[in-house]
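1. Provide a 3D model corresponding to the input given below.
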Amino acid sequence: MSARSLDRQGRWRNKVVAFRVSPEEDEQIETAVRLSGLTKQDYIIRRLQEQEVVVIGNPRVYKALKNELAKVLEELQRISDSSDINPDLLNTIELITCTMQGMKDEE
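-> Predicted coordinates for the structure are as follows:
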């Protein structure tokens, strides 16, 4: 059993919420979490509460961006026809673009 922890308002986080996702949905969630720099728990809570997810650039986020861009490049090199583009790939590209644009605006 995991240890109890407090949220930012000092409330105990002792309730467990679980749900099932497909492997493809899981990969999309994992990608978004990596690019956000947040924990999966914090990312999902913010998204469910329709709060803004603010990405703070740090070495972990930069590494995630580099790795995700490498995956996108590999997939784009594999594709021979634009009709072969997977919607998940387009979502990942959009997420990377949004993250990079936000980091550019901070400079």
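
2. burial measure for residue 72, as a count.
-> 15 (other C-beta atoms under 10 Å). Every C-beta, even on glycine, is put in place using the N, C-alpha and C of the backbone.

3. that one contacts residue 89, correct?
-> Yes. Taking contacts as C-beta atoms under 8 Å, residue 72 lies within contact range of residue 89: 6.8 Å.

4. ok now the least confident helix or strand in the chain by mean pLDDT, how far from the chain's centre?
-> The helix or strand of the chain with the lowest confidence, counting by mean pLDDT, DSSP states H and E, is strand 5-6 at a mean of 73. The chain centre lies 23 Å from the centre of strand 5-6; the measure is C-alpha atoms, centre = their mean, to the nearest Å.

5. do the same with stretch 7-15
-> In this view, stretch 7-15 has its centroid 23 Å away from the chain centroid, taken as C-alpha atoms, centre = their mean.

6. how about it as PDB, C-alpha atoms only?
-> C-alpha atoms of stretch 7-15 as PDB (Å, rounded to 0.1, in the frame of the first residue of the first chain):
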ATOM      1  CA  ASP A   7      -1.600  17.900  -1.900                       C
ATOM      2  CA  ARG A   8      -0.700  21.600  -2.300                       C
ATOM      3  CA  GLN A   9      -3.700  22.700  -0.100                       C
ATOM      4  CA  GLY A  10      -2.600  20.400   2.700                       C
ATOM      5  CA  ARG A  11      -5.300  17.800   2.000                       C
ATOM      6  CA  TRP A  12      -4.600  14.100   2.400                       C
ATOM      7  CA  ARG A  13      -4.500  12.200  -0.900                       C
ATOM      8  CA  ASN A  14      -5.700   8.900   0.300                       C
ATOM      9  CA  LYS A  15      -8.300   8.000  -2.300                       C
END
